[in-house]
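Participant: next come a sequence and a model predicted from it.
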Amino acid sequence: MKKIIVATVLVLLSFSVKSQNASVENKVFGVQTGFLGLYFHGETKLSDKFALRGELGLDFGFWQSNVYYNFVLVPVIVIEPRFYYNLEKRVKKSKRIDGNSGNFISIKTSFNPDLFIISNHENVSIIPTLQIVPTWGIRRNLGKHFNYETGLGIGYYKEFYKQNGYSSNESGTAINLHLRIGYRF
């Protein structure tokens, strides 16, 4: 009888595996900056591997006219569903997944409206632009609150010239290449 009880306990213990739920966080908020802008973002959990990212920021641009260098900051609004595909693998290797640290595939949809412009040059205007870019990227933590993120993608853009009196809009291939460092609240 003792052998049956011991065998049963051993079998039951072998089936109870301690596991961490590899899932994106319910809410993540932060600020990120890179070479070409400053962005405030929030991510909301849709499922264990999917999050919806929203971003408000300022894209940076520059150009040279005559002997002067000019810059412009224009607002950008981003909606980006993200699929974090390697969270379970990171947990198995005892790597961090807090703050949605992991590899992702997304569809970055961004819009630059002609709401306002910050520039060192007068009479600057922009053409409102919509971009839809499938993107592959990674996010990693640097300590408790800091992180870095990089992404690469090729997609589609449309510039709305008709709003500014031109006869037709333009569209073409868009490239998303970003390298950012950020702070998570």
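Facilitator: Now that the structure is in, tell me what you want to look at. Residues are numbered from 1 along each chain as shown.
Participant: list the residues that contact residue 150.
Facilitator: Going by Cβ atoms under 8 Å, 6 or more residues apart in numbering, residue 150 touches 137, 138, 178, 179, 180. C-beta coordinates here come from the backbone N, C-alpha and C atoms, glycine included.
Participant: redo that, cut-off 7 Å
Facilitator: Taking Cβ atoms under 7 Å, 6 or more residues apart in numbering as the criterion, residue 150 is in contact with 137, 138, 178, 179.
Participant: residue 38 too?
Facilitator: Neighbours of residue 38 in contact, by Cβ under 7 Å, 6+ apart: 57, 58.
Participant: try residue 120
Facilitator: Residue 120 touches 70, 71, counting by Cβ under 7 Å, 6+ apart.
Participant: low-scoring stretches of this structure, by residue?
Facilitator: For the chain, the stretches with pLDDT under 70 are 1-20.
Participant: from residue 24, how far off is the closest residue in space to residue 162 that isn't next to it in sequence?
Facilitator: In this structure, residue 162 finds its nearest non-sequential neighbour in residue 169, 5.6 Å apart by Cβ to Cβ, 6 or more residues apart in numbering. Distance, residue 169 to residue 24, by Cβ to Cβ, to the nearest Å: 36 Å.
Participant: ok, these two, which is more surrounded?
Facilitator: residue 24 (25 against 14; other Cβ atoms under 10 Å).
Participant: what segments of the chain are helices?
Facilitator: 2-15, 87-92 (DSSP state H).
Participant: didn't residue 40 look like it was pressed against residue 58?
Facilitator: No: using Cβ atoms under 7 Å, residue 40 is not in contact with residue 58, being 9.7 Å away.
Participant: which one of the two has more residues nearby?
Facilitator: The neighbour comparison of residue 40 against residue 58 (other Cβ under 10 Å) goes to residue 58, with 18 against 15.
Participant: what's across from the residue lying closest to the more buried one once chain neighbours are set aside in the sheet?
Facilitator: Of all residues not flanking residue 58 in the chain, residue 73 sits nearest, at 4.4 Å (Cβ to Cβ, 6+ apart). Residue 73 has the following beta-bridge partners by DSSP bridges: residue 60, residue 118.
Participant: residue contacts, residue 73?
Facilitator: 58, 60, 118.
Participant: the residues you listed into a markdown table, with extra columns for distance to residue 174?
Facilitator: Shown next, in a markdown table, are those (distance: Cβ to Cβ, whole Å):
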| residue | distance to residue 174 |
| --- | --- |
| 58 | 18 |
| 60 | 17 |
| 118 | 23 |
